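> Sequence plus predicted model, see below.
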Amino acid sequence: MKVSDLASLIEARKLTTEVTEDREILCGYVCDLLSWVMAHGEEGMAWVTVQTHLNVIAVAALAEMACVVLPEGITMEQEVLDKANAEEMCVLSSPLTAYEICGRLAGQGIPAHG
Amino acid sequence: MEELFRISYPVAAADYTSAGKASTDIKKRLKQLGVGGDVLRRVAVASYEVELNLVIHSMGGELTLTVFPDAAQLVSADVGPGIPDLEMAMREGYSTANDEARSLGFGAGMGLPNMKRNADEFNITSAPGSGTTITMLFRLQA
């Protein structure tokens, strides 16, 4: 599943404007504690979080994740999106809850670990 | 061992806006030197953790990357305040992070254990009143 397929699956809109949606999603994760995510983040991960500050992009990029997914229609400030564009990290915003996003991901066979 | 490359980054206390800049640059430079895969990811995670520790816990410090033909070394040295109980600090889930750090999603008590897990060699020295020095070595595949 590519990031573009995930966007359709969870009715999300893409907040980043200069990032490809071609990256392959290898696994899914939901967590809002950044240091926890640093310890458990994996390459190709679709990471669902309500955190929206600059460090989210740094964590996702350093772990080489596939994308960041914001639930419940949450958005990010332009400064953070600029950083996401610069780091080539796709950010999606979905109207669904984190629970439902993960449910749909799991339903499509996306595992917890890549 | 012959040094191929060395760069230092000053890291300011409580500067959450710039946090991650040093580790992002370290990753970029290692990539340029041909380092990739698992070892690049481990250096990236460990350097981010140690950079964030400087921001959250220290009174300021410096992060230095040194690249040798067969290894990359990260050294974090700060000017204080030092860690009173190193054994507790190394324990997963133990954190002394303040409310500001916790509100940003830090302070899960994973930093030091995560560095140790990702580095091939990990060494920490610290004492209250003086600074903390962390040295990590990552072996590069030939």
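Perfect, I can see it now.
> ok, which residues in chain B are in contact with chain A?
Neighbours of chain A within chain B, by CB under 8 Å from any CB of the partner chain: B:16-17, B:19-20, B:23-24, B:27, B:41, B:44-45, B:48-49, B:52, B:104-111, B:113-114, B:117. In short, each C-beta sits where N, CA and C put it, glycine included.
> Give me the subset of those residues that lies in strands.
Within the residues of chain B next to chain A, no residue falls in strands by DSSP state E.
> which of those count as buried?
B:16, B:19-20, B:23-24, B:27, B:41, B:44-45, B:48-49, B:52, B:104-111, B:113-114 (16 or more other CB atoms under 10 Å in any protein chain shown).
> Filter the residues of chain B next to chain A down to just the ones in helices.
Of the positions in those, B:23-24, B:27, B:41, B:44-45, B:48-49, B:52, B:111, B:113-114, B:117 sit in helices, assigned by DSSP state H.
> How about residue A:95: what's its closest non-neighbour residue?
Excluding its sequence neighbours, the residue lying closest to residue A:95 (CB to CB, 6 or more residues apart in numbering or on different chains) is residue A:73, at 5.0 Å.
> tell me the SS of that neighbour?
coil (DSSP: H, G, I helix; E, B strand; the rest coil).
> Please name the residues that touch it.
By CB atoms under 8 Å, 6 or more residues apart in numbering or on different chains, the contact list for residue A:73 reads A:93, A:94, A:95.
> Dihedrals phi and psi, it?
phi 70, psi 10 (degrees, to the nearest 10).
> swap in residue B:58?
The phi/psi pair for residue B:58 (degrees, to the nearest 10) is phi -90, psi 170.
> so what's the closest residue to it other than its chain neighbours up against?
Leaving aside its chain neighbours, residue B:58 sits nearest to residue B:78 (3.7 Å; criterion: CB to CB, 6+ apart). Residues counted as contacts of residue B:78 (CB under 8 Å, 6+ apart) are B:54, B:58, B:59, B:60, B:61, B:62, B:131, B:132, B:133.
> The second one: how many residues sit nearby?
Translated: residue B:58. 22 (other CB atoms under 10 Å in any protein chain shown).
> Repeat that for the fifth one.
The tally of other residues near residue B:61 (other CB under 10 Å) stands at 25.
> my guess is it contacts residue B:76, does it?
Yes. Contact criterion CB atoms under 8 Å: residue B:61 and residue B:76 qualify, at 6.2 Å.
> Hmm, residue A:106 and residue A:1 touching each other?
No. With contact defined as CB under 8 Å, residue A:1 and residue A:106 do not form a contacting pair (11.8 Å).
> The two - which one has more neighbours?
More crowded of residue A:1 and residue A:106, by other CB under 10 Å: residue A:1, with 16 against 12.
> Could you find the closest non-adjacent residue to that one?
residue A:25 (4.9 Å).
> Could you do residue A:28 as well?
residue A:105 (4.4 Å).
> residues touching that neighbour, list them.
By CB under 8 Å, 6+ apart, residue A:105 lies in contact with A:6, A:9, A:10, A:25, A:28, A:46.
> run the last query once more with 10 Å
Going by CB atoms under 10 Å, 6 or more residues apart in numbering or on different chains, residue A:105 touches A:1, A:6, A:9-10, A:25, A:27-30, A:46, A:48, A:69, A:111-112.
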